[in-house]
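[1] Prediction below, plus the sequence it came from.
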Amino acid sequence: MIDTVDTIMNEYYQSVEIYKKLRYDVGEIITTLIDLNQIKISNMTLRIKSEEALKNKVISKAKYNHLDEITDVLGCRIVTLFESDVDRIFDLLDKTFEIVEIVDKRKKHKVNNIEFGYTSLHLVVKFTDARCQLVEYQKYQDILFEIQLRTVLQHAWAEVEHGLGYKSFYEPPMEIKRKLNRLAATLEILDEEFEDIRYEITMYNQSLDREEKVLKTDINKDSLIAYVNSSPILNEMAETIAGKYHYQIIRDPHLISQQKLVVKLNFYGYQYINELNDDIIKHKNTLLTIGEELSGHINYDYTLNLYSTLLWFSFIPVIKNLIAGHGSSNEDILDDVILETFRNSSLSIFDVFNPKRVSAADDGSGDNEEE
């Protein structure tokens with residue numbers, strides 16, 4: 001045994017630099033796969049087994065004679081947000097690497113009601129022969145490594161399960177097993193519910209490509225984005241102002257979160273897009289003038305954000321409240337009063353909505369305000 005341990009450790013010392021390079025290249029390849037396929041993950045970690053951990057494994061298992069028999073010298077763990085992404089990433093890995101072994105521990109507790117746990121999909125893989133024909137990958141020929149795929153909830157379960165330490169010295173009694181089974185089943189339900197919600201959100205967002213659907217939708221960040229994108233009035237207004245000042249139109253929806261426009265519009269009494277749209281049509285001339293006033297004074301980069309049209313409109317309810325005692329129901333007269341009030345207070349408005357100040361004040365925390 002001592003000779004075997006010494007042999008394996010010597011091979012480890014001779015190969016550790018190769019494993020370090022392998023860790024880097026595997027990380028680059030998998031990151032590229034995930035990014036190109038637009039999969040959002042929680043995190044990905046790659047580690048090389050430490051000397052102590054390797055030595056303990058060789059001694060405790062007592063079945064290894066050489067380093068290349070140990071498949072987890074390099075290990076990669078990918079933690080996804082959704083269960084379906086585990087399968088999506090598996091398909092990508094299957095096309096990229098040669099999969100030597102698959103252990104789907106997610107199914108273990110489903111076929112045996114005494115077993116419990118909420119673990120992951122384990123793969124033992126290596127670089128394909130075709131990839132190893134490339135000179136930069138020739139050194140990885142036949143080196144096995146492990147990839148572990150699990151969701152955030154599966155990972156949380158595994159961490160807590162490990163912290164309980166019940167496998168260290170004894171098997172827990174049946175009552176504890178039943179509790180663990182119930183918890184594991186609850187987490188499975190949560191994973192499924194998150195998948196359902198993800199699907200419903202996707203269907204909801206896809207439905208917003210129809211203008212009549214958008215108008216009937218409650219005001220939220222996604223519906224505001226869809227409304228501005230599809231609104232002929234707001235788009236024509238932006239094009240008119242951009243043409244007048246020779247600005248380039250950009251689309252940066254972060255402005256909606258930065259300026260808390262959902263909260264502001266709800267505060268002003270707007271609950272649905274059609275209510276907002278009715279008042280934008282009613283005050284379109286005033287809105288255009290406000291946009292021209294603001295764009296002509298505070299633009300520093302010669303661009304016009306399409307979603308600024310909502311910011312311009314947010315002035316109108318404020319000023320309408322200020323002049324609520326005017327007593328006239330004539331919208332033309334009311335628009336004149338709004339514009340006069342706006343221009344008289346324009347210096348303070350420019351100061352508050354100076355984009356340089358907004359940028360400096362925004363530390364990124366407000367970006368999730370209405371996500």
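    Cool, the structure landed. Just so it is clear, the model here is predicted, and its values are computed rather than measured.
[2] Next one: residue 61 relative to residue 54, how far apart?
    11 Å (C-beta to C-beta, to the nearest Å). Where you see a C-beta, it was placed from the backbone N, CA and C, and this is true even at glycine.
[3] Show me which of the two is the more surrounded one.
    Neighbour totals were compared for residue 61 and residue 54, and residue 54 leads with 20 against 10 (other C-beta atoms under 10 Å).
[4] Which helix or which strand is home to the more buried one?
    helix 51-61 (DSSP states H and E).
[5] Determine how far that helix lies from the middle of the whole chain.
    Per C-alpha atoms, centre = their mean, to the nearest Å, the displacement of helix 51-61 from the mean C-alpha position of its chain is 38 Å.
[6] Whichever helix or strand comes after that helix: partners in the sheet, and parallel or antiparallel?
    Counting by DSSP H and E, the next helix or strand C-terminal to helix 51-61 is strand 74-80. Sheet pairing for strand 74-80, assigned by DSSP bridges, gives strand 41-48 (antiparallel), strand 145-151 (parallel).
[7] Using PDB, list the CA coordinates for strand 74-80.
    This file holds the C-alpha atoms of strand 74-80, laid out as PDB (Å, rounded to 0.1, in the frame of the first residue of the first chain):
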ATOM      1  CA  LEU A  74      -9.800  17.500 -11.900                       C
ATOM      2  CA  GLY A  75     -13.400  18.200 -11.000                       C
ATOM      3  CA  CYS A  76     -15.900  20.700 -12.400                       C
ATOM      4  CA  ARG A  77     -19.200  21.700 -10.800                       C
ATOM      5  CA  ILE A  78     -21.800  23.600 -12.800                       C
ATOM      6  CA  VAL A  79     -24.800  24.900 -10.700                       C
ATOM      7  CA  THR A  80     -27.800  25.900 -12.900                       C
END
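[8] what sits up against that strand?
    19, 22-23, 26-27, 30, 34, 39, 41-49, 86, 89, 143, 145-152, 155 (C-beta atoms under 8 Å, 6 or more residues apart in numbering).
[9] again with stretch 94-104
    Contacting residues not belonging to stretch 94-104 are listed as 29, 33, 71, 93, 121-129, 144 [C-beta under 8 Å, 6+ apart].
[10] just stretch 235-249 next, same as before
    228-229, 284, 287-288, 291-292, 295-296, 299, 302-306, 308-309.
[11] burial of residue 307, as a residue count?
    Counted with other C-beta under 10 Å, residue 307 comes out at 22.
[12] OK, contacts around it?
    224, 225, 228, 251, 252, 253, 255, 256.
[13] got those residues as TSV, with pLDDT, secondary structure and neighbour count columns?
    TSV is the format used below for the contacts of residue 307 (pLDDT from 0 to 100; DSSP: H, G, I helix; E, B strand; the rest coil; neighbours: other C-beta atoms under 10 Å):
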residue	pLDDT	secondary structure	neighbour count
224	93	helix	22
225	92	helix	19
228	93	helix	21
251	93	coil	12
252	93	coil	12
253	93	coil	16
255	92	helix	17
256	94	helix	22
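[14] Export the residues you listed to CSV and append columns for distance to residue 278.
    Shown next, in CSV, are these (distance: C-beta to C-beta, whole Å):
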residue, distance to residue 278
224, 15
225, 19
228, 16
251, 24
252, 26
253, 23
255, 23
256, 20
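[15] Closest to residue 162 out of those?
    In terms of C-beta to C-beta, no member of these lies closer to residue 162 than residue 253, at 41.0 Å.
[16] Phi and psi next, for that closest one.
    phi -70, psi -10 (degrees, to the nearest 10).
[17] No further queries at this time; thank you.
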